[in-house]
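Trainee: prediction below, plus the sequence it came from.
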Amino acid sequence: MNRTYDKIPVEMRRFFETLQDPLSLSILACLMKEHEKTSILAHMMNIPESDIEKHLNSLIETGLVIRWPVISPGEDEPELIWLYSTPASLIQSIMGECELIERDLSLVQNGLAEIAEQTMKKMKEYLGQPDSSLVILGGEGDGMVFELKYQTLSVGREDSQGMGGIEPNRDIIIPGSYRGVTRISKPHAIITRVYPDWYIEDCNSSGGTYLNNEMLKPFRRYRIRNQDIIVLGSGSRAARLRAHILHEHISPASDSKHMPVHSMGRA
């Protein structure tokens, strides 16, 4: 056992150990893609169902997996079973926090940064290299993850009147119930990568765009930092999102957090 683990609470120690366990990570990789039951997981991994159940219980205890009962058609009669899943947004949040731990000098000194680094290495090996992302908080789309894979992305609400020029698998399309968000056909905002950072620009939307409670001036790019809260629109129909920015560039305190579009150039 790494002596550094003795410096942190038992529950936290168990959490990091679980995220370095190959079988637990393999289960998480499956559950990030699809809700599954224990028998399917056991078949996919070719191991006894009892072993799957043991690891699932450990994952539930550490908060990495959730379960709920469903009625499944049986050969003779329906049966009640558990379905298991893990939110992709949770895994991205953990990876983001591990990156912050790695950079904190006080945590480097007491060895916690080394644990975070080991955890990230294992997670990337089994779960893949994540992209930065935005996650909806609350409402119909609670937990929806929008990965930031492209240099420029339009942000807006579903538009039944036409989606010309919009790429559903690329742009950030918020469910229609968030009516405080401008329709995607006339974007509410634009997300842009100016390497290595991400910026958000309000497109003169009717409801406005807020970054950590600051209303953004239209057509100016504001830098998005890890764990920032973005609010599109205002009132009960607004959409609230949390940013998970990985491999974030740490700028000096004097670095401007926003600048006019023309001073940076269009992506």
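Mentor: Arrived safely. Please read all numbers here as calculations on a predicted model, not as lab measurements. Residues are numbered from 1 along each chain as shown.
Trainee: please point out which parts of stretch 235-248 sit buried.
Mentor: 238-246, 248 (16 or more other Cβ atoms under 10 Å). For every residue, glycine as well, the C-beta is placed using N, CA and C.
Trainee: ok, now stretch 116-136?
Mentor: In stretch 116-136, counting by 16+ other Cβ under 10 Å, buried: 116, 118-120, 122-123, 126-127, 130, 132-136.
Trainee: hmm, back to that, quick one: which of the buried residues of stretch 235-248 is nearest S58?
Mentor: H244 (24.7 Å; Cβ to Cβ).
Trainee: residue contacts, that closest one?
Mentor: 89, 92-93, 95-96, 132-135, 226-227 (Cβ atoms under 8 Å, 6 or more residues apart in numbering).
Trainee: just send the residues you listed back as TSV, with pLDDT and secondary structure too.
Mentor: Rendered in TSV, the data for the contacts of H244 read as follows (pLDDT from 0 to 100; DSSP: H, G, I helix; E, B strand; the rest coil):
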residue	pLDDT	secondary structure
S89	77	helix
Q92	80	helix
S93	80	helix
M95	84	helix
G96	79	helix
S132	85	coil
S133	88	strand
L134	91	strand
V135	89	strand
N226	85	coil
Q227	85	coil
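Trainee: for this protein, what spans make up the helices?
Mentor: In the chain, the segments counted as helices under DSSP state H are 10-18, 22-33, 38-45, 49-61, 88-103, 105-109, 112-127.
Trainee: was I right about V70 contacting I81?
Mentor: Yes - contact between V70 and I81 holds when scored by Cβ atoms under 8 Å: they sit 6.2 Å apart.
Trainee: find the nearest non-adjacent residue to G235, please.
Mentor: Closest residue in space to G235, ignoring its immediate chain neighbours: G180 at 5.7 Å, by Cβ to Cβ, 6 or more residues apart in numbering.
Trainee: please apply the same query to V231.
Mentor: Counting by Cβ to Cβ, 6+ apart, the residue nearest V231 is Y210, at 4.1 Å.
Trainee: quick one: residues contacting that neighbour.
Mentor: 216, 230-231, 234 are the contacts of Y210 under Cβ under 8 Å, 6+ apart.
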